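Visitor: Sequence first, then the predicted structure:
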Amino acid sequence: MSESNPYQPPGAPAVTVASPSASEVSFSAAPRAVGAGRGWEWIAEGFNLFKKQPGVWILVVIGFVVCTVLIALIPVIGPVVNMLLLEVFVGGLMLGCRALDRGEGFEIGHLFAGFKQSTGDLVVLGVLALVGWFIVMIPAVAIVGFGAFMSMMMGGADAAMNFGTMGMSVIMTMNQPTSASTPSTTKSPVLC
């Protein structure tokens with residue numbers, strides 16, 4: 001009786017896949033497997049895009065920071081608008097990356113190119129990121145708030161303050177944009 005080993009590694013040989021240029025890429029909903037080393041190649045390709053025009057990249061990042069700070073200064077709705085528009089700004093940067101990959105120039109205006117192409121889709125992506133943020137943050141705030149209350153009841157105000165400070169650090173860390181909510185690479189189906 002021959003039993004198959006469920007822990008046996010797959011028998012298919014590993015294949016090296018050449019990276020196509022952005023102009024050759026079309027979106028396919030089916031996943032594809034690539035080697036683990038391909039991740040490092042993506043990082044190196046991204047750095048090569050940066051090296052083509054580092055001064056413009058630095059100005060674009062400064063412009064992005066200035067825009068997000070100015071938007072965040074709007075009372076009440078500033079942070080929400082920032083989360084909605086983050087994807088639009090990133091979409092513009094992806095268009096700039098595509099332009100660099102094609103040998104075209106990268107300009108400061110690429111930061112705002114997401115407002116000219118697929119803006120609605122990118123804002124919807126921002127809405128989905130915002131909803132995901134709320135799904136994660138509501139339980140986190142509830143846990144931290146409950147923990148601070150219990151610490152205060154058990155150990156006094158100092159314990160509650162220390163726990164609350166730690167909890168706020170966790171919340172602020174979770175508030176940072178992640179790659180999971182940001183479109184990756186220049187091959188976004190939203191921008192194609």
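Guide: Yes, it's here. Numbers count the residues shown, from 1 in each chain.
Visitor: now the helices: where do they sit in the chain?
Guide: Remark: helices assigned in the chain by DSSP state H are 38-52, 54-72, 78-101, 119-155, 157-174.
Visitor: Which helix or strand in the chain has the lowest average pLDDT?
Guide: The helix or strand of the chain with the poorest confidence is helix 157-174; it has a mean of 59 (mean pLDDT, DSSP states H and E).
Visitor: Return the residues in contact with I43.
Guide: For I43, no contacting residues are found, by Cβ atoms under 8 Å, 6 or more residues apart in numbering. C-beta coordinates here come from the backbone N, C-alpha and C atoms, glycine included.
Visitor: Report how many residues lie close to L70.
Guide: Using other Cβ atoms under 10 Å, L70 has 11 neighbouring residues.
Visitor: My error: substitute V34 in the last question.
Guide: When neighbours are counted by other Cβ under 10 Å, V34 registers 15.
Visitor: What are the phi and psi values at it?
Guide: Phi and psi for V34, reported as degrees, to the nearest 10, are phi -130, psi 160.
Visitor: Can you tell me how far it is from M94?
Guide: For V34, the distance to M94 equals 20 Å [Cβ to Cβ, to the nearest Å].
Visitor: gap between E104 and C97?
Guide: Distance, E104 to C97, by Cβ to Cβ: 11 Å.
Visitor: which one of these two has more residues nearby?
Guide: Just comparing E104 and C97: by other Cβ under 10 Å the higher neighbour count belongs to C97, 20 against 10.
Visitor: In this structure that one contacts L49, no?
Guide: Yes. Between C97 and L49 there is a contact at 5.6 Å, judged by Cβ atoms under 8 Å.
Visitor: just for this structure, where's the confidence low?
Guide: Within the chain, the ranges that satisfy pLDDT under 70 run 1-2, 10, 12-29, 144-192.
Visitor: Kindly recompute the last result at 50.
Guide: Along the chain, segments meeting pLDDT under 50 span 178-186.
Visitor: Relative to A33, how far out is E87?
Guide: From E87 to A33 the distance is 27 Å (Cβ to Cβ).
Visitor: Tell me which of the two has more neighbours.
Guide: A direct count of neighbours by other Cβ under 10 Å for E87 and A33 places E87 higher, at 27 against 9.
Visitor: In this structure the more buried one contacts L125, no?
Guide: Yes. Using Cβ under 8 Å, E87 is in contact with L125, at 4.4 Å.
Visitor: what about L93, neighbour count?
Guide: By the criterion of other Cβ under 10 Å, L93 has 21 neighbours.
Visitor: what's the answer for T68, then?
Guide: Using other Cβ under 10 Å, T68 has 17 neighbouring residues.
Visitor: Quick check: it touching V81?
Guide: No. T68 lies out of contact with V81 (Cβ under 8 Å); the separation is 9.7 Å.
Visitor: State the distance from the closest residue in space to A72 that isn't next to it in sequence to V66.
Guide: Leaving aside its sequence neighbours, A72 sits nearest to G78 (Cβ to Cβ, 6 or more residues apart in numbering; 4.5 Å). Taking Cβ to Cβ as the measure, G78 falls 14 Å from V66.
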